[in-house]
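1. can't give you the sequence, but here's the structure:
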């Protein structure tokens, strides 16, 4: 696929929002993208009880099964309280810091299934003393959302807001500077839209390079392509999928942290230097299968695919939980993303494509 085609896929996926636990709209687009690729192959897209969407590609005389997964959901929040003056207090849905939230625009999913615009309130610079500008710490639990309502009754009656309503962060999505650069993309939910788009691109490559006319793979292994739910709130979808399916190895696709900024803990991952093989996550509590990681690095070198090695300290993933809690040998491949768990996040179309190349070449190596 060329950059224009990959951009079309990821922009289509981005057109529907997916707060954790409410991924269905984006999952439907993911399903349609897979069905378009697999037309006439009689390979159904399956939805399980926790909202994971997946396909099973059957291998030739297969004795093992590999799951390649990326999560559908994105960070956001949950309305925790409607105040008497009509503002909204909230809790996190997924992990992020409060320092970037002031004046951030959001979309709240109301009782009628409509998205309501809101703004996370913060003092103007014109009314904030110097001492607070320097020292103030922003805790999301102490912040409020303004939607235009005059009081609690109006917020509930006219805006149809309720306690428990999810929200996501607003923004634009697409090429950062389309007239100059056709590779760098920016927008909300790049974690994990980049990886979800990669699953679609990978499926296309598998069909073209590894599938016969009957829809069977030419390798002795079954391959599951899985869009998982609820990753940002504890990898619940992946855990449910692995409990319900007999899987021998897991490859998770997520983000590689481009964070070479003062004060950051990082592995010097670069935005345009290829997919990242992540060897460890979670402050040392998530150690991936060493031989599996090494195998992928050798595949990249043999295939002349640029790649990077990484360790992500403050990070957890579907792959990490598969390894740690399910005892399944797992690896994590990160597509380089800058400004993660912020809006906008920045990634590249080339990173998506090269990650898919690495994985299809790995599958080709299976004997």
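-> It's in. Please read these numbers as outputs of a predicted model, since none were measured by experiment.
2. near residue 18, how many other residues are there?
-> Residue 18: 30 surrounding residues under other Cβ atoms under 10 Å. Glycine gets a C-beta too; all of them are placed from N, C-alpha and C.
3. model confidence for it, exactly?
-> For residue 18, the pLDDT comes out at 98.
4. and the closest residue in space to it that isn't next to it in sequence, what element?
-> Excluding the flanking residues, the one nearest residue 18 by Cβ to Cβ, 6 or more residues apart in numbering is residue 26, at 3.9 Å. Using DSSP states H and E, residue 26 maps to helix 24-37.
5. outside of that helix, which residues touch it?
-> Helix 24-37 is contacted from outside by 9, 12-13, 15-18, 45, 47, 51, 53, 55, 72, 196, 199-200, 203-204, 207, 225, 227, 229, using Cβ atoms under 8 Å, 6 or more residues apart in numbering.
6. just the buried residues of that helix, please?
-> Neighbour counts over helix 24-37 (16 or more other Cβ atoms under 10 Å) mark 26, 27, 29, 30, 31, 33, 34, 37 as buried.
7. who is the nearest residue to residue 55 once chain neighbours are set aside paired with across the strands?
-> Once flanking residues are discounted, residue 55 sits nearest to residue 225: 5.0 Å by Cβ to Cβ, 6+ apart. Beta bridges link residue 225 to residue 55, residue 68, judged by DSSP bridges.
8. and residue 335, by the same measure?
-> residue 255.
9. any idea how far it lies from residue 103?
-> Residue 335 sits at a distance of 29 Å from residue 103 (criterion: Cβ to Cβ, to the nearest Å).
10. swap in residue 255?
-> Going from residue 255 to residue 103 by Cβ to Cβ gives 25 Å.
11. what's stretch 42-53 in contact with?
-> Contact with stretch 42-53 is made by 23-24, 27, 30-31, 34-35, 54-57, 72, 215, 226-230, 236-238, 240-241, 244, as judged by Cβ under 8 Å, 6+ apart.
12. the closest residue in space to residue 268 that isn't next to it in sequence: what secondary structure?
-> The spatial neighbour of residue 268 that comes closest, neighbours along the chain excluded (Cβ to Cβ, 6+ apart), is residue 260 at 5.9 Å. Under DSSP: H, G, I helix; E, B strand; the rest coil, residue 260 falls in the coil class.
13. so residue 260 makes contact with residue 271?
-> No - between residue 260 and residue 271 there is no contact under Cβ atoms under 8 Å: 9.5 Å.
14. tell me which of the two has more neighbours.
-> residue 271 (17 against 13).
15. surely the more buried one meets residue 339?
-> No - using Cβ under 8 Å, residue 271 is not in contact with residue 339, being 10.4 Å away.
16. sorry, back to before: could you identify the buried members of the contacts of stretch 42-53?
-> Buried subset of these (neighbour count, 16+ other Cβ under 10 Å): 23, 27, 30-31, 34, 54-57, 72, 226-230, 236-238, 240-241.
17. residues near the residue nearest to residue 342 when sequence neighbours are not counted, how many?
-> Once flanking residues are discounted, residue 342 sits nearest to residue 100: 5.7 Å by Cβ to Cβ, 6+ apart. For residue 100, the number of neighbouring residues by other Cβ under 10 Å comes to 15.
18. which of the three states applies to residue 100?
-> The three-state label given to residue 100 by three-state DSSP is coil.
19. let's see the pLDDT reported for it.
-> pLDDT, residue 100: 85.
20. quick one, phi/psi of it?
-> Dihedral pair for residue 100: phi -100, psi 10, per degrees, to the nearest 10.
21. what distance do you get for it to residue 322?
-> In terms of Cβ to Cβ, residue 100 sits 31 Å off from residue 322.
22. and what of residue 51?
-> 18 Å.
23. pick out whichever of those two has more residues nearby.
-> A side-by-side neighbour count of residue 51 and residue 322, using other Cβ under 10 Å, places residue 322 first with 28 against 21.
24. report the two of the buried residues of helix 24-37 separated the most.
-> The distance between the two most remote of the buried residues of helix 24-37 (Cβ to Cβ) is 17.2 Å, for 26 and 37.
25. could you point out which element follows the lowest-mean-pLDDT helix or strand in the chain?
-> Between all helices and strands in the chain, the lowest mean by mean pLDDT, DSSP states H and E belongs to helix 130-135, at a mean of 67. Going down the chain from helix 130-135, the next helix or strand is strand 144-146, by DSSP H and E.
26. can you give me the mean pLDDT across that next one?
-> 97.
27. from the chain's centre, how far out does that strand sit?
-> Per Cα atoms, centre = their mean, to the nearest Å, the displacement of strand 144-146 from the mean C-alpha position of its chain is 26 Å.
28. do the same with stretch 213-229
-> 21 Å.
29. and it, what's buried?
-> For stretch 213-229, the neighbour count (16+ other Cβ under 10 Å) marks 216, 217, 219, 221, 222, 223, 224, 225, 226, 227, 228, 229 as buried.
30. average model confidence for that stretch?
-> Mean predicted lDDT for stretch 213-229 stands at 97.
31. same question for stretch 341-350.
-> 96.
32. now swap in stretch 355-365 and tell me
-> 98.
33. make residue 1 into 36 and carry on from there
-> Got it, first residue is 36 now, which makes that one stretch 390-400.
34. ok, now how distant is residue 229 from residue 88?
-> With distances taken as Cβ to Cβ, residue 229 is found 18 Å from residue 88.
35. so these two - more neighbours on which side?
-> Higher neighbour count among residue 229 and residue 88: residue 229, with 31 against 23, using other Cβ under 10 Å.
36. which one in this protein is furthest away from the centre?
-> residue 164 (38.6 Å; Cα atoms, centre = their mean).
37. got a list of what that one touches?
-> Counting by Cβ under 8 Å, 6+ apart, residue 164 touches no other residue.
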